[in-house]
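Q: mind looking at a prediction? Sequence and model below.
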Amino acid sequence: MTSSAPRSFGDLFDTFQREAFRLETLDDYSHSGSTDAYQAFLDGQERPADYNADWLEEVRTHIEAGRRMYRVHVLTCPLSPYLRSSWAGGTLRTRRPVRSSSSWT
């Protein structure tokens with residue numbers, strides 16, 4: 001009997017059928033992705049126009065095929081440098097809906 005189980009977390013994004021959901025609860029994921037892009041942000045550099053182009057194309061392909069992708073990131077206040085870099089270069093450019101609920105006073 002063969003198993004069709006995904007081999008890695010990333011494989012899940014290639015094999016899901018209807019919806020993919022990711023809950024992010026950490027203030028810093030800088031060691032799990034592009035450390036060069038994060039360091040460039042810390043150095044005050046602009047992100048290249050094609051930053052995340054492959055990922056954006058993958059998301060576009062899923063959406064065009066009728067699959068939905070969700071991501072929820074629990075934020076703390078004040079935002080960490082990592083979260084500031086994420087908001088500065090990705091969230092609005094991908095045209096994902098942004099919802100915020102705040103109990104900060």
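A: Looks like it arrived, so ask away.

Q: which residues of the protein fall in strands?
A: Counting by DSSP state E, the chain forms strands over residues 19-24, 68-73, given from the N-terminal end onward.

Q: where are the low-confidence patches of this structure?
A: Screening the chain residue by residue with the criterion pLDDT under 70, one finds the ranges 1-6, 33-34, 87-105.

Q: could the strands of the chain go into CSV alongside mean neighbour count and distance to residue 13?
A: Quick note: C-beta positions are derived from backbone N, CA and C, even for glycine. Putting the strands of the chain into CSV (neighbours: other CB atoms under 10 Å; distance: least, CB to CB, whole Å) gives the following:
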stretch, mean neighbour count, distance to residue 13
strand 19-24, 12, 6
strand 68-73, 13, 8
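
Q: in CSV, list these along with distance to residue 50.
A: Shown next, in CSV, are the strands of the chain (distance: least, CB to CB, whole Å):
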stretch, distance to residue 50
strand 19-24, 23
strand 68-73, 20
